[in-house]
Structures are given as C-alpha cells and as structure tokens.
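**Q** based on what follows, work out the 3D shape:
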Amino acid sequence: MALDKRPLIFIVISAALFGISPPLAKLLVKDIPPVALAGLLYLGAFIGLSLYSIGRAINAADSIQKAAPLERKDLPWLVGALLTGGVIGPISLMNGLTLVSGFSASLLLNLEGVATSVIAVLFFKENAGKRLWLALGCMTLAAAFLTWEPGPGKFNTGGPLLILFAMLCWGIDNNLTSLISDKDPIQIAKIKGFVAGVISLSLALTLGTKMRLNLTMIGFALLLGACSYGVSLVLFIKGLRGLGSFRAGGFFSIAPFVGAMASLVILREWIGWVMFPAAGLMMIGVWLIVSERHSHTHRHNTVIHMHLHNHDDTHHLHEHYVTSHGPHTHEHTHIELAHAHVHWPDTHHRHIH
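**A** The predicted structure follows:
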C-alpha cells in the first residue's frame, strides 16, 4: 500500500501560510502593540473559520463527512496546547519581532520544527531514523546559513531568545495537538482562536496597552490571522494526523524559508550568497522526508475510538463496510492485528520500535 501524500501537501501549504506571517506581522507591530497583535491574529483565525463553518453547514451534502468532535478526555491536551501555543508563544513572538528584523524572525521559525521533533522523540516516543535526523540537520544548517550576516554588527540576544522561547512553546503545542489530531481540526482551531484571542486582548487591556484605532491595520491583522493562524492550523492538524509530530515538525521547517523569501520581497532585506546553499540544503531535507519508506511488521492492540475514516484502507474493515461509502464518523472497534505495510506514525501507528 502506497503512502498517502495528502498529509505532506497539508503541511506544505500550512508552512507557507505561517511562514509569511513574520514579515507581515513586522509591518503591523509598528502600529499595534505586540500583546494586542497576538490577540488580533488569533481572533482573526476564529472569525475566518467561523465564517467557513457557517458556509459548510449550509451545504447539507457535507454533513456525511463531519469529523469527530472533541470529547472530555481531550480537554487536558487542548488546554495545554492553548496555553503554550495560543497565548504564551504568540505573545513572545510578537515581542521578539520588535527587537529583530523580519528576515531574522522568519529564519528562527525553523526552531519550531526542531523543537517539535526533539520533543516528539524524547517525550512522546516517536520513531526517528537516521534519514529523518539527517533531514532535520539539513534544514537546521540551512537556517544557520541564512542567519549569517557579514560585516560588523551588534549582537542582540533579547529578540532571538524571545522567538526561541516562542518556538519551544509551539513545539509543545504541536505535540499535544497531535494527541487529539484525529478530532475535528476546525473545531480545535476555532476554540484555540477564540480563547487565545480573548486572553491576549484582555491581557493587553489589563496592562494598559495604548493602541491607535486604525481600522485598516486591525482589519489586516484579522485577515492575516485568518490565513496564517486559522487555515494554517487546520491544515497542520490534518498533517499531524497522517505524519506524526516528528515528521510534521521536520517538514514544517520549510516555513522559515518561505518567510525569508517573503521578507526579501516585502521588507527589501537581502543577505547575499548564503541564500543559495541554504536553498540547496532545504530541498535536500524536504526530499529526505518525502522519499522516506518506513515498513515493518507491527501490531495494533484492540482499541475503541471515533474519528473520520474511510473503509478502503487496512484498518477499518468493520460491520457496515458494504452499506457505507465515503468519509464518515462513528465510534468503532479495531481488533488486535499484526501486519506489515509502509506507514508513518499516524492515528493507527504510534507504536514502539
């Protein structure tokens, strides 16, 4: 059975949408204080996805493809992801943007993929072979090339450290979200957008943050949040479902490259020849992940759960196979099974090697 490449496509688009956010947010942070901007970005994600949900609800034909809703047992993971990735991380990133260039901030996004991958292996016991570590190393080295700036300059630790902390927070967020990635990604993103947006804006008001009422800038911030935080998060969760945290985090490392390109165009920032070896290393890293073939005999323990699924794979051969067609959601049982096929650490393949 061939590997499903759709999760890779989801991650690529998600990374591109998120990658363009630092240079654009760098423009906005001149007029909107960092904490308030973090709130507006996530509030924009909530508004955008809410409008999409209304449109989807009108289409009755889509009702047969509803994903599984969140359950009470998912709340600890959701709350943890909310606090780290929805509140602490964005506020730290927006403050860091005031101290570094948009180009440098974009490159430092690479640390999110590194943090996600390392946490996935060390704490969530995902498997990572030499090929994947090599891919992650190539992408990290690419970012190191891009951060090299010739000539004398003052070394600023404040901004980079704030962004590093933000990437660590998002690394934790990604791994916690992976544990509930088989649930409705739009519901997860809407909850995160609303709660994170309200908390950050309330914090800004509590701190007495002064902000000019520039409706154009506020509208632009909401639109950026809808795309770079809302749509990007939904697609990232879909990618997590099929790839696991390590591989999703590694592949998401193309985001800083997209951000760097956007900075060159939007902010007119250029650092010279180092762009070329960085681009080559980034492409090698992407190829190493895309061309991975992970196959061995593995055992699935008996499990009862609920998520969106088809009956044309090797894991969902249960009672209403003949009468049910297309993606659908219901509680179902997986009996104990041992078999071998090419797979990634998705919803059904989180086992010990």
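
**Q** tell me the pLDDT of Lys210.
**A** Lys210 is assigned a pLDDT of 76 by the prediction.

**Q** now it: phi and psi?
**A** Phi and psi for Lys210, reported as degrees, to the nearest 10, are phi -100, psi 130.

**Q** from Arg72, how far out is it?
**A** Taking Cβ to Cβ, to the nearest Å as the measure, Lys210 and Arg72 are separated by 41 Å. For every residue, glycine as well, the C-beta is placed using N, CA and C.

**Q** try Val100
**A** Plainly put, Val100 is 41 Å away from Arg72 if you go by Cβ to Cβ.

**Q** what about the stretch 101-250 of the chain, any weak spots by pLDDT?
**A** Low-confidence segments of the stretch 101-250 of the chain (pLDDT under 70): 125, 127-128, 143-144, 146-157, 246, 250.

**Q** and the helices in it?
**A** Counting by DSSP state H, counting those that start in this stretch, the stretch 101-250 of the chain has helices at residues 102-108, 110-122, 130-147, 158-178, 185-206, 215-224, 232-251.

**Q** right, and the helix or strand after the helix or strand Ala36 falls within?
**A** Taking DSSP states H and E as the definition, Ala36 sits inside helix 34-58. Per DSSP H and E, the first helix or strand lying C-terminal to helix 34-58 is helix 75-81.

**Q** so what's Pro34 up against?
**A** 91, 94-95, 97-98 (Cβ atoms under 8 Å, 6 or more residues apart in numbering).

**Q** one step back: quick one: the helix holding Ala36 to chain centroid distance?
**A** When distances are taken as Cα atoms, centre = their mean, to the nearest Å, helix 34-58 is centred 16 Å away from the chain's centroid.

**Q** check stretch 70-78 too.
**A** The answer for stretch 70-78 is 19 Å, by Cα atoms, centre = their mean.

**Q** check stretch 129-136 too.
**A** Relative to the chain's own centre, stretch 129-136 is displaced by 20 Å; criterion: Cα atoms, centre = their mean.

**Q** give me the buried positions along that stretch.
**A** 132, 135-136 (16 or more other Cβ atoms under 10 Å).

**Q** stretch 180-187 too?
**A** 180-187.

**Q** wait, which of those residues is closest to Arg241?
**A** Using Cβ to Cβ, Ser181 is the member of these that sits closest to Arg241, with 4.2 Å.

**Q** OK, contacts around the closest one?
**A** 237-238, 240-241, 347.

**Q** the same query, at a cut-off of 7 Å, please.
**A** Taking Cβ atoms under 7 Å, 6 or more residues apart in numbering, we find Ser181 in contact with 237, 240-241.

**Q** between those residues, which is nearest Ala142?
**A** Relative to Ala142, and with distances defined as Cβ to Cβ, the nearest of the contacts of Ser181 is Leu240, at 22.9 Å.

**Q** distance check, that closest one against Lys190.
**A** Counting by Cβ to Cβ - Leu240 and Lys190 are separated by 17 Å.

**Q** neighbour count for the two, which is higher?
**A** A direct count of neighbours by other Cβ atoms under 10 Å for Leu240 and Lys190 places Leu240 higher, at 31 against 22.

**Q** now do that one against Ser263, distance only.
**A** 27 Å.

**Q** cool, Glu71 as well?
**A** Glu71 is 41 Å from Ser263, by Cβ to Cβ.

**Q** more neighbours, the two?
**A** Just comparing Glu71 and Ser263: by other Cβ under 10 Å the higher neighbour count belongs to Ser263, 26 against 11.

**Q** which residues touch the more buried one?
**A** 23, 102-103, 106, 269.

**Q** model confidence score at it, please.
**A** For Ser263, the pLDDT comes out at 81.

**Q** for the protein, which residue is closest to the average position?
**A** Centroid-nearest residue in the chain: Phe236, 4.3 Å away (criterion: Cα atoms, centre = their mean).

**Q** find the nearest non-adjacent residue to it, please.
**A** In space, and not counting its chain neighbours, Phe236 is closest to Ser14: 4.2 Å by Cβ to Cβ, 6 or more residues apart in numbering.

**Q** element containing the one you found, please.
**A** Assigned by DSSP H and E, Ser14 belongs to helix 6-19.

**Q** which strands and helices sit next to that helix?
**A** Counting contacts by 3 or more Cβ pairs under 7 Å, 6 or more residues apart in numbering; DSSP states H and E, helix 6-19 is packed against helix 232-251, helix 255-266.

**Q** picking that back up, pick the one among the buried residues of stretch 180-187 closest to Ile9.
**A** Distance to Ile9 across the buried residues of stretch 180-187 (Cβ to Cβ) is lowest for Pro185, with 14.6 Å.

**Q** OK, contacts around that closest one?
**A** 67, 234, 237-238.

**Q** disregarding flanking residues, what is the spatial nearest neighbour of it?
**A** Take Pro185 and drop its neighbours on the chain: the residue closest to it by Cβ to Cβ, 6+ apart is Ile237, 3.7 Å away.

**Q** sounds good, over and out.
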